[in-house]
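A.B. asks: Need a 3D model of the following:
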Amino acid sequence: MRDEPFLPRRRSVRLPFFDYSRPGAYFLTICLRDKKQLFGKVAAHAIELSTLGRIAEECWLEIPAHFPVVRLGPHVIMPDHVHGIVIIQSPTNADAGAAASGGNPAKDHRRARYIVPLREKPLREFAESIAGSVATIVATFKAAVARQAARELSGTKSGMLWQRGYYEHVIRNEQDFQNACEYIRMNPARRAFELEYWQKHSNGR
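C.D. replies: Below you'll find the predicted structure:
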């Protein structure tokens, strides 16, 4: 299957000189090392999470507790990767947005107003370490999962858990946002269909 145009490519698509701490919505894909399916398995068009998968889920949902200006859009823990949308807000919008959605940003359809205009003048140097940036959020999430896994799961080596880096897509408009949400929602069913298709054709050989 071809990749949808709004999804992260299988290479870095980070924009040179773009400030990834600026308010906006970002579609993230974070993969396990060697695509090992440690987070769970596909069952009946859904994902049955393993213990490690539940740890990843908990750590993802805790992101706003560590980054108060961050709200979460839809996400899904897949067997070998995580898809999710993070929304970086300005401090004033963060307080107002949380109140408007009753503390549940995934149900606030106005979150797409935080899309990032790509043509505005960039503010920071590419690869500069920025507090509260997408890179910092991802690094904190990865570290939290690795630490908790090392404590709760014997034999888990934190340094061997994650693939280096991550993939991101800067959400540009409302349609882009809706496409990403739909992709995330349908990802378990899509994976189940692909497995069923592969098994059917493998058995037919």
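A.B. asks: When you work out contacts or count neighbours from here on, use the C-alpha atoms and nothing else.
C.D. replies: OK.
A.B. asks: On the strand side of things, show who the closest residue to His75 other than its chain neighbours bridges to.
C.D. replies: Using C-alpha to C-alpha, 6 or more residues apart in numbering and skipping residues adjacent in sequence, the residue nearest His75 is Gly84, 3.9 Å away. With DSSP bridges as the criterion, Gly84 is bridged to Leu28, His75.
A.B. asks: quick one: Gly84 from Arg151, how far?
C.D. replies: Per C-alpha to C-alpha, to the nearest Å, Gly84 is found 25 Å from Arg151.
A.B. asks: So if I had to pick from these two, which one is more boxed in?
C.D. replies: Between Gly84 and Arg151, counting by other C-alpha atoms under 10 Å, Gly84 is the more crowded of the two (21 against 12).
A.B. asks: need the contact list for the more buried one.
C.D. replies: Applying C-alpha atoms under 8 Å, 6 or more residues apart in numbering, one finds that Gly84 lies in contact with 27-29, 72-76, 184.
A.B. asks: do that again at 6 Å, thanks
C.D. replies: Residues in contact with Gly84 (C-alpha atoms under 6 Å, 6 or more residues apart in numbering) are 27-28, 74-75.
A.B. asks: and if you look at Lys35?
C.D. replies: Counting by C-alpha under 6 Å, 6+ apart, Lys35 has contacts Asp80.
A.B. asks: so what's it scoring on pLDDT?
C.D. replies: Listed pLDDT for Lys35 reads 90.
A.B. asks: Please apply the same query to Asp3.
C.D. replies: For Asp3, pLDDT reads 45.
A.B. asks: Over to Val69?
C.D. replies: On the pLDDT scale, Val69 gets 94.
A.B. asks: Tell me which residues of the helix ranked longest in the chain come out buried.
C.D. replies: Using DSSP state H to define each element, the chain has its longest helix at helix 174-203. For helix 174-203, burial by neighbour count (16 or more other C-alpha atoms under 10 Å) applies to 174, 176-177, 179-181, 183-184, 187-189, 191-192.
A.B. asks: Can you add pLDDT and give those back as CSV?
C.D. replies: Listed next are those as CSV, based on pLDDT from 0 to 100:
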residue, pLDDT
Glu174, 94
Asp176, 95
Phe177, 96
Asn179, 95
Ala180, 96
Cys181, 96
Tyr183, 94
Ile184, 95
Asn187, 92
Pro188, 90
Ala189, 88
Arg191, 80
Ala192, 76
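A.B. asks: If you count neighbours, what's buried in the helix or strand hosting Ile55?
C.D. replies: Here Ile55 sits within helix 51-61, counting by DSSP states H and E. Residues of helix 51-61 classed as buried by neighbour count (16+ other C-alpha under 10 Å): 52-57, 59-60.
A.B. asks: Beta-bridge partners for the nearest residue to Ser50 once chain neighbours are set aside, please?
C.D. replies: Among residues not flanking Ser50 along the chain, Gly40 sits closest, at 4.5 Å (C-alpha to C-alpha, 6+ apart). Under DSSP bridges, the beta-bridge partners of Gly40 are Leu49.
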